[in-house]
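Participant: Could you work out the structure for the sequence below:
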Amino acid sequence: MAKEPKSGKVFKYGLETVLKVREIKEKKEQEKFAERQRKYLEEKEKEEQLKEKQRQRRNELKNIIRGGFIDDMAGIIRRKAHLGVLKEDITQQVDKVLSASRELDKQRSLLIEAMKGKKIIQKNRERQYDQYQIMMQKLEMNFLDEVATERFTHDKYEKEAGGG
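Facilitator: Numbering: from 1, shown residues only. A predicted model of the protein is given here:
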């Protein structure tokens, strides 16, 4: 058990440096998480842009084909080939989004662990502070009891000396 503090002493937590280290670690994990989240959102945005581009190119091709008379078959073939390239790009981008999502999940787990580690130390600090408060109250009560006892015996002796 920890040594008893003398009355009038200020509470000092022995693991304060550990708590500071845990707070720093949590902050770094939050920064990494924010970076991974930003990267994930960027990749997701690129995917959406590619899908939108693919929709536009499909609609253009459909409109040309619906137009009836086709005078530039090579242009249509090029557009169809371009749609194939866009499809491959989208597939690659979906893989990038999934990879960024996995990285985000890993970082989320690390952040949660860092937060738990800090929370454990904080709870320990609170418990020790509560114990400190209780101990200080007991010391104060003992001191007040001693003062009251001294006063009582002092008053008793004065009555005896004055009355006897």
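
Participant: Who are the packing partners of the longest helix along the chain?
Facilitator: In the chain, ranked by residue count with DSSP state H as the criterion, the top helix is helix 73-163. Counting contacts by 3 or more Cβ pairs under 8 Å, 6 or more residues apart in numbering; DSSP states H and E, helix 73-163 is packed against helix 16-66. Every residue, glycine included, has its C-beta placed from N, CA and C.

Participant: In contact with Lys53, which residues?
Facilitator: Contact partners of Lys53, counting by Cβ atoms under 8 Å, 6 or more residues apart in numbering, are Leu86.

Participant: Could you do Lys96 as well?
Facilitator: 43, 46-47.

Participant: rerun at 6 Å
Facilitator: Glu43 (Cβ atoms under 6 Å, 6 or more residues apart in numbering).

Participant: per-residue confidence at it?
Facilitator: Per-residue pLDDT puts Lys96 at 96.

Participant: next one: Gly163
Facilitator: pLDDT at Gly163 comes out at 61.

Participant: number of nearby residues for Arg22?
Facilitator: Using other Cβ atoms under 10 Å, the number of residues around Arg22 comes to 20.

Participant: what's it in contact with, if anything?
Facilitator: Residues in contact with Arg22 (Cβ under 6 Å, 6+ apart) are 117-118, 121.

Participant: Reduced to three states, what does Gly14 come out as?
Facilitator: The local conformation at Gly14, judged by DSSP: H, G, I helix; E, B strand; the rest coil, is coil.

Participant: where does it fall, phi/psi-wise?
Facilitator: Dihedral pair for Gly14: phi -70, psi -20, per degrees, to the nearest 10.

Participant: Ok, Gly67 next?
Facilitator: Note on Gly67: backbone dihedrals following degrees, to the nearest 10 are phi -60, psi -20.

Participant: That one - how many residues pack around it?
Facilitator: 9.

Participant: From Leu61, how far out is it?
Facilitator: Distance of Gly67 to Leu61, given as Cβ to Cβ, to the nearest Å: 11 Å.

Participant: Between the contacts of Arg22, identify the one with the most neighbours.
Facilitator: Neighbours here mean other Cβ under 10 Å. Within the contacts of Arg22, the largest count is held by Lys118, at 21 neighbours.
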